[in-house]
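S.K.: What follows is a protein structure lacking sequence information:
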């Protein structure tokens, strides 16, 4: 049985310019110990999909229009705020994009980490601090017993990200959602963070949802990949197969735009056009205004997600005709 099963999730935001359909009928599943990547351009609905499951979409202006997110037999979307608060941090943890703004600069790391264990595990403050130091050591922060009592500004960017990972793992969650965990980190630290996330699933039995723009990280570390555009799923499949042979024009465009060292291209390849206005999406495929393979039906009829050989795809154009 899947650890998390999301069915027909839809989320919108009411603004002065109209209603933005940020997430539109999204369905996917995450298996135990699986690393699942969600990729796509900014505004495609990657983060909102995960925030909605955890009750982190502010209302107003946001609202969940429908769907379910069943985690260990419970529909997260039907739970009260107090019930969700008991799950967040204990069973499902999240690493936010910027560790400096996620950590309270006025509190020692020990106090911030201990708070999680006191709240969810009922531990005493002293025992919680000791456990926090052990977890900092587990994420390879040297001299953890001393550094746990420091303030966030005394850590480098990479070390702060490790602190956030350690904090998220304190209660041994079944699911870890990492929203751009390697943003603003140099390549060496990125590799260390991703290797750490890979080790976590074996040491703690944790599944990971990775929200990222870094396709190199996805190719090297993720089991399955979900491609989103305009709040909808364009393609999903085993990462290695999807990268080797993308079947959707948008996926192909994303992969072609990645700089390659084995090519001597004078110009970087880009996807023509601009991301869609979420308050005025086309009636059909949201990618149709930018698609090189567009047909008349693409602008009028929304393609349905179909499954073939373990790959899901939403496109009117036959696979063999995608250029």
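M.R.: It's in. All figures in this text were calculated on a predicted structure; none of them were measured in a lab.
S.K.: three-state assignment of residue 312?
M.R.: strand (DSSP: H, G, I helix; E, B strand; the rest coil).
S.K.: Strands of the stretch 51-200 of the chain, start to end?
M.R.: Applying DSSP state E, counting those that start in this stretch to the stretch 51-200 of the chain gives strands spanning 62-71, 74-75, 92-95, 175-179.
S.K.: could you dump these to a markdown table with distance to residue 316, mean pLDDT and mean neighbour count?
M.R.: Every C-beta, even on glycine, is put in place using the N, C-alpha and C of the backbone. Shown next, in a markdown table, are the strands of the stretch 51-200 of the chain (distance: least, C-beta to C-beta, whole Å; pLDDT from 0 to 100; neighbours: other C-beta atoms under 10 Å):
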| stretch | distance to residue 316 | mean pLDDT | mean neighbour count |
| --- | --- | --- | --- |
| strand 62-71 | 24 | 94 | 17 |
| strand 74-75 | 33 | 94 | 14 |
| strand 92-95 | 36 | 90 | 24 |
| strand 175-179 | 32 | 92 | 24 |
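S.K.: which stretches of the chain form helices?
M.R.: 46-53, 81-87, 99-102, 109-121, 125-138, 144-147, 157-169, 187-203, 215-221, 239-244, 249-256, 296-300 (DSSP state H).
S.K.: Buried residues, the fifth one. List them.
M.R.: For helix 125-138, the neighbour count (16 or more other C-beta atoms under 10 Å) marks 128-133, 135-138 as buried.
S.K.: Equivalent analysis for the fourth one, please.
M.R.: Judged by neighbour count (16+ other C-beta under 10 Å), helix 109-121 contains these buried residues: 109-118, 120.
S.K.: again, but for the last one
M.R.: If you call a residue buried by 16+ other C-beta under 10 Å, then helix 296-300 has these buried ones: residue 298.
S.K.: same check, this time on the longest one
M.R.: Under the neighbour-count criterion of 16+ other C-beta under 10 Å, helix 187-203 has 189-194, 196-197, 200-201 buried.
S.K.: Show me the contact partners of stretch 195-214.
M.R.: Around stretch 195-214, the neighbours that count as contacts under C-beta atoms under 8 Å, 6 or more residues apart in numbering are 3-4, 30-39, 41-42, 46-47, 50, 138-140, 162, 165, 169, 172-182, 190, 217-218, 221-222.
S.K.: one more time with 6 Å
M.R.: 3, 30, 32-38, 46-47, 172, 175-180, 221 (C-beta atoms under 6 Å, 6 or more residues apart in numbering).
S.K.: swap in stretch 67-75?
M.R.: 4-10, 53, 76-77.
S.K.: hmm, back to that, lowest-confidence stretch among the helices of the chain?
M.R.: When the helices of the chain are compared on mean pLDDT, helix 99-102 scores lowest, with a mean of 72.
S.K.: Reformat the buried residues of helix 125-138 as CSV; add distance to residue 20.
M.R.: Formatted as CSV, these follow (distance: C-beta to C-beta, whole Å):
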residue, distance to residue 20
128, 41
129, 44
130, 46
131, 42
132, 40
133, 44
135, 39
136, 40
137, 44
138, 41
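S.K.: Identify the residue nearest the geometric centre of this structure.
M.R.: Closest residue to the average C-alpha location of the chain: residue 211 at 2.6 Å, with C-alpha atoms, centre = their mean.
S.K.: do you know how far it is from residue 228?
M.R.: 10 Å (C-beta to C-beta, to the nearest Å).
S.K.: Mutual contacts of the two, please.
M.R.: residue 46.
S.K.: For residue 250, grab the count of nearby residues.
M.R.: The number of residues packed near residue 250 is 26, by other C-beta atoms under 10 Å.
S.K.: That one contacts residue 232, doesn't it?
M.R.: No - assessed by C-beta atoms under 6 Å, residue 250 is found out of contact with residue 232, at 10.2 Å.
S.K.: and residue 287, which of the helices of the chain is closest to it?
M.R.: Comparison of the helices of the chain against residue 287 by C-beta to C-beta identifies helix 249-256 as nearest, at 4.8 Å.
S.K.: What lies in contact with the closest one?
M.R.: Counting by C-beta under 6 Å, 6+ apart, 227, 229, 234-235, 246, 269, 271, 287, 291, 293, 322 sit against helix 249-256.
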